[in-house]
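Novice: my questions concern the predicted model and sequence given below.
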Amino acid sequence: MRIAAALTFAGVISLCATGAAWSQTPPAKPGAAPAAATAPAPAAAPAPAKLPCANPDALGIARVVEIDTTGGPGFGFEHFKQLDFLREKEVVLTFDDGPWPENTPSVLKTLANECTTGIFFSIGKHATYYPEILKQVAAAGHTIGTHTWSHATLTNKKLTEDQRKEEIEKGFSAVKWALGGVSPSPFFRFPALQHPPEMVTYLGTRNIAMFSCDLDSFDFKARNAQQVIDVTMKKLDKQGKGIILMHDFHKHTAEALPELLRKLKAGGYKVVQMKAKAPVQTLPQYDEEVLKDAKLPTVSSRPVSSVVQTISE
């Protein structure tokens, strides 16, 4: 794995070593104002141990960049033009709307087989449905951002400004809860890539980076996995680089990913990993709301002998 020398890009990026779905009820259940300056620093996720790549032909990770999210920088030329940091033939893999059973674990397995990585923009509700899957995402070393609490489109005029802020903040708090109290990265993607100006300003005050994309796989429209591959590669070969938007929520995406990554490797494309300089600082009031709403485990931890007694044989 190649790690280039350190550099600074516009004081935001330093080298350091459409949403098309919606929040749904899970198919099967397995189980305000910014914080004061004196609030304790959020816990950062421990860096997973780096294991040697078992696949000599893996796509791998070519470059790792660290993002200073001060002021809320924006990434992805679909909406944000200022930060053109990717070199020719470089890509960032991003996945929205998880975590979700079967599909997210399948995506994780494929990324692991290719010794590469992505950014997972989780929906807060989904994180509370399947915290164990989101923990697998973190344990594998991927970057975790958020995608609102319920995948509400924040340009909806029926939502008040407070409700829009709640969608953002509660999403971060839910992901933090799902990760066992570890704060995710201050990376956020608007549902349907709809960016209301007042929420762009708000995210800037919260020092949260905003992600659009450079190319959309349109996997949510795909009839099969091959269509996901064809659309993505056609756009990428035309543009030459970019932040790719996909959804680990969708079956076709999980099915397409092995061949898509092989085509990226064959085409000379290289994956860039984006990491945040510091984790997000969630707001206590939304942390408390998530504790009320989250479907907390109810399985008894009492020993068998205190629960089950033989009274007759």
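Specialist: Sure, I can see it. Numbers count the residues shown, from 1 in each chain.
Novice: any low-confidence regions in this protein?
Specialist: In the predicted model of the chain, residues 1-51, 294-307, 309-311, 313 satisfy pLDDT under 70.
Novice: gap between Gly141 and Asp84?
Specialist: Gly141 sits at a distance of 26 Å from Asp84 (criterion: Cβ to Cβ, to the nearest Å). Yep, even glycine has a C-beta here, placed from its N, CA and C like the rest.
Novice: the more surrounded of those two?
Specialist: When Gly141 and Asp84 are compared for neighbours, Gly141 comes out ahead with 18 against 13, by other Cβ atoms under 10 Å.
Novice: quick one: the more buried one and Phe120, what's the gap?
Specialist: 11 Å.
Novice: quick one: the helices in the stretch 201-313 of the chain?
Specialist: 225-239, 251-266, 284-293, 304-307 (DSSP state H, counting those that start in this stretch).
Novice: surely Gly124 meets Ala152?
Specialist: No - here Gly124 does not reach Ala152: they are 10.5 Å apart, not a contact under Cβ atoms under 8 Å.
Novice: who has more neighbours, these two?
Specialist: Neighbours per residue (other Cβ under 10 Å) separate Gly124 from Ala152, with Gly124 holding more: 30 against 21.
Novice: excluding its backbone neighbours, what's nearest the more buried one?
Specialist: Ranked by Cβ to Cβ, 6 or more residues apart in numbering and with sequence neighbours excluded, the top spatial neighbour of Gly124 is Ala174, at 3.2 Å.
Novice: one more: Cys213?
Specialist: In space, Cys213 is closest to Leu245, 3.8 Å off (Cβ to Cβ, 6+ apart).
Novice: top helix in this protein by residue count?
Specialist: helix 161-178 (DSSP state H).
Novice: buried stuff in that one?
Specialist: 164-178 (16 or more other Cβ atoms under 10 Å).
Novice: for stretch 73-91, same thing?
Specialist: Neighbour-count burial for stretch 73-91 [16+ other Cβ under 10 Å]: 73-80, 83, 85-86, 90-91.
Novice: turn these into TSV, including secondary structure and distance to Leu59.
Specialist: As requested, the buried residues of stretch 73-91 are exported to TSV (DSSP: H, G, I helix; E, B strand; the rest coil; distance: Cβ to Cβ, whole Å):
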residue	secondary structure	distance to Leu59
Pro73	coil	26
Gly74	strand	27
Phe75	strand	21
Gly76	coil	21
Phe77	coil	23
Glu78	coil	24
His79	coil	27
Phe80	coil	26
Leu83	coil	24
Phe85	coil	20
Leu86	coil	16
Glu90	strand	12
Val91	strand	10
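Novice: what's the local residue count around the closest residue to Ile67 other than its chain neighbours?
Specialist: Distance criterion Cβ to Cβ, 6+ apart; nearest residue to Ile67, sequence neighbours excluded, is Ala276 at 5.4 Å. Ala276 has 23 neighbours, counted by other Cβ under 10 Å.
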